[in-house]
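Participant: Return atomic coordinates for the entry below.
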Amino acid sequence: MKKFRRTQGQDGRLLFFWRLDYQRDMQRVMIIGAPGSGKSTLARIIADRMGLPVFHMDQIHWKPGWVPREEEQKVPMVMTIIDQDKWGFEGGHSRTYKDRLHRADTVIWLDLPLPLRFF
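Facilitator: Numbering: from 1, shown residues only. Model (predicted):
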């Protein structure tokens, strides 16, 4: 059962909340947002509660020693992940947004103010 609620944040932006039947509805979760917004933390929490494998774009983007991976290697890695039945995937890489959005059943966008992300 899904219930939808709309409210207004302190800064005037509209906020939308859904109540989900977690066991059924959250099988492929995409979490996006600005650096420092809590994407990795939230992905680990959701994955733990839902029994999903969690994937971080940083682990795809960076090779050992903080060496950037070549673009032609990243896209196939992302596609292999999103072809799975269950996943929690956090991070950027806008080149694959369309494919991830198409497969995701849940999208969470973390849009926290800059001062809050630094503390």
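
Participant: center of the protein - which residue?
Facilitator: Among the residues of the chain, residue 31 comes closest to the average C-alpha position under Cα atoms, centre = their mean, at 1.4 Å.

Participant: Look up the closest residue to that residue, ignoring the ones flanking it.
Facilitator: Counting by Cβ to Cβ, 6 or more residues apart in numbering, residue 90 is the residue found nearest to residue 31 once chain neighbours are left out, at 4.0 Å. For glycine as for every other residue, the C-beta is placed from the backbone atoms N, C-alpha and C.

Participant: circling back: the residue nearest to the centre of the chain is in what secondary structure piece?
Facilitator: Under DSSP states H and E, the secondary-structure element containing residue 31 is strand 28-33.

Participant: now that strand: mean pLDDT?
Facilitator: Across strand 28-33, the average pLDDT comes to 92.

Participant: Which strands and helices lie in contact with that strand?
Facilitator: For strand 28-33, the elements it packs on are helix 39-50, strand 87-90, helix 97-103, strand 106-110, judged by 3 or more Cβ pairs under 8 Å, 6 or more residues apart in numbering; DSSP states H and E.

Participant: buried sites along the first one?
Facilitator: Neighbour-count burial for helix 39-50 flags 39-40, 42-43, 46-47, 50 (criterion: 16 or more other Cβ atoms under 10 Å).

Participant: what distance separates that helix from the middle of the whole chain?
Facilitator: With Cα atoms, centre = their mean, to the nearest Å as the basis, helix 39-50 stands 9 Å off its chain's centre.

Participant: what's the following helix or strand past that helix packed up against?
Facilitator: Using DSSP H and E, the next helix or strand after helix 39-50 towards the C-terminus is strand 54-56. Here strand 54-56 touches helix 39-50, strand 87-90, going by 3+ Cβ pairs under 8 Å, 6+ apart.
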